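S.K.: sequence first, then the predicted structure:
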Amino acid sequence: MSKRQMDAAEALAGGGRLDRATELFVAHRDLLFTVAYEMLGSAADAEDVLQETWLRWTGVDLDTVREQRAYLVRIVTRQALQRLRTLGRRKESYVGSWLPEPLLTAPDVAEDVELADSVSMAMLLVLETLAPTERAVFVLREVFDLDYDEIAEAVGKSQSAVRQIAHRARSHVAARRPRDAVSPAETRAALGAFQRAVETGDLQSLLDILAPDVVLLSDGGGVKKALAQPVVGAGKVARLLAVGLNRFGAEASVEPVQVNGHPGLILRLDGEIDGVVAMRIEDGLVSGVYFVRNPDKLSRVERETALSR
């Protein structure tokens, strides 16, 4: 259910008094959105899943529900799993690299280190390598700390099967996630150095803050110009960034913001948002650069999105 629909429901209730179903849904809305977003990597699809969840929730006899949070998470998980399988088919025909939809987030998301890590662009890309059920189990267990019996009900598996899936997913993610935790100060320092290098077009400064095996991915969705394939290696990435950004000239500006719980950049051309840059930082160096230019994925960087767990 969208924020606009929530406001409408509240207005219809009169005097701010919500009916019980709406009140419970609103109370858990940020949590439900976060579950759906972490499973899908798309805010637009997460909102659709919330709408479907709301429609099913309104048909539930609340007197039979003991744990409203767990029940709502179960509904949203099932709806997200269905949507995830549809997304998989959609991504097969996607033009160029597919990147998660970036979110402008409030400082409180960054303060919750585990939440910030789980919604980072780097982690969402790792989650993309999991099968749908593995992703659901990993998110519900590792991020939201649900019990195995609750997860089993949500994904329609036995508890023993869920434990095996969780073990397999943890191993898979551990082998692909950033090796060491990076402090906010280290991330800000690396981002600041990256921003200065980008703004000056200084090739050597870019080389100094890029990891030797850095990967650059860009997502234009077939609408905006973007790289058809990932670019790997500090030299190639630095030259590409220096040349590409110099083409924008004086019309371009770079604004530091919080993207998915971590420092990121918004690139503007003539005052309009042209793209969002998020990064993966390891050992003080930029090991991943994620540049989203697809206009369909930029609506969530004009205002903060609330996340919760």
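M.R.: Alright, I've got the coordinates. Residues are numbered from 1 along each chain as shown.

S.K.: does residue 21 touch residue 57 like I think?
M.R.: Yes. Assessed by C-beta atoms under 8 Å, residue 21 is found in contact with residue 57 at 6.1 Å. All C-beta spots, glycine's among them, are computed from the backbone N, C-alpha and C.

S.K.: next SSE downstream of the least confident helix or strand in the chain by mean pLDDT?
M.R.: One helix or strand of the chain scores below all others by mean pLDDT, DSSP states H and E: helix 3-13, with a mean of 50. Moving toward the C-terminus from helix 3-13, the next helix or strand (DSSP states H and E) is helix 20-40.

S.K.: tell me the average confidence for that following helix?
M.R.: Across helix 20-40, pLDDT averages out at 95.

S.K.: flag every buried residue along that helix.
M.R.: Neighbour-count burial for helix 20-40, with 16 or more other C-beta atoms under 10 Å as criterion, is recorded at 21-22, 24-25, 28-29, 31-40.

S.K.: need the overlap of contacts for residue 21 and residue 57.
M.R.: In terms of C-beta atoms under 8 Å, 6 or more residues apart in numbering, residue 21 and residue 57 are not both contacted by any residue.

S.K.: counting neighbours, which bits of the longest helix along the chain end up buried?
M.R.: Assignment by DSSP state H gives helix 68-92 as the longest helix of the chain. For helix 68-92, the neighbour count (16+ other C-beta under 10 Å) marks 68-81, 83-84, 87 as buried.

S.K.: what does stretch 254-264 give?
M.R.: 254, 257, 258, 259, 260, 261, 262, 263, 264.

S.K.: could those be laid out in JSON lines, adding distance to residue 103 and pLDDT?
M.R.: Below are the buried residues of stretch 254-264 laid out as JSON lines (distance: C-beta to C-beta, whole Å; pLDDT from 0 to 100):
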{"residue": "254", "distance to residue 103": "19", "pLDDT": "85"}
{"residue": "257", "distance to residue 103": "10", "pLDDT": "92"}
{"residue": "258", "distance to residue 103": "9", "pLDDT": "92"}
{"residue": "259", "distance to residue 103": "7", "pLDDT": "94"}
{"residue": "260", "distance to residue 103": "5", "pLDDT": "95"}
{"residue": "261", "distance to residue 103": "8", "pLDDT": "92"}
{"residue": "262", "distance to residue 103": "11", "pLDDT": "89"}
{"residue": "263", "distance to residue 103": "14", "pLDDT": "88"}
{"residue": "264", "distance to residue 103": "10", "pLDDT": "91"}
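
S.K.: residue 111: which of these is nearest?
M.R.: Nearest to residue 111 out of those is residue 261 (C-beta to C-beta; 9.1 Å).

S.K.: phi, psi of that closest one?
M.R.: Backbone geometry at residue 261, expressed as degrees, to the nearest 10, gives phi 80, psi 0.

S.K.: cool, and residue 61?
M.R.: phi -80, psi 100.

S.K.: need the buried residues of stretch 254-264 in CSV with distance to residue 125, can you?
M.R.: What follows is the buried residues of stretch 254-264, written out as CSV (distance: C-beta to C-beta, whole Å):
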residue, distance to residue 125
254, 23
257, 20
258, 18
259, 14
260, 11
261, 15
262, 13
263, 18
264, 14
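
S.K.: could those residues be laid out in a markdown table, adding secondary structure and distance to residue 232?
M.R.: Formatted as a markdown table, the buried residues of stretch 254-264 follow (DSSP: H, G, I helix; E, B strand; the rest coil; distance: C-beta to C-beta, whole Å):
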| residue | secondary structure | distance to residue 232 |
| --- | --- | --- |
| 254 | strand | 24 |
| 257 | strand | 27 |
| 258 | strand | 27 |
| 259 | strand | 22 |
| 260 | coil | 23 |
| 261 | coil | 26 |
| 262 | strand | 22 |
| 263 | strand | 23 |
| 264 | strand | 21 |
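
S.K.: which two in the residues you listed are spaced the farthest apart?
M.R.: Most distant of these, by C-beta to C-beta, are 254 and 261, 19.6 Å apart.
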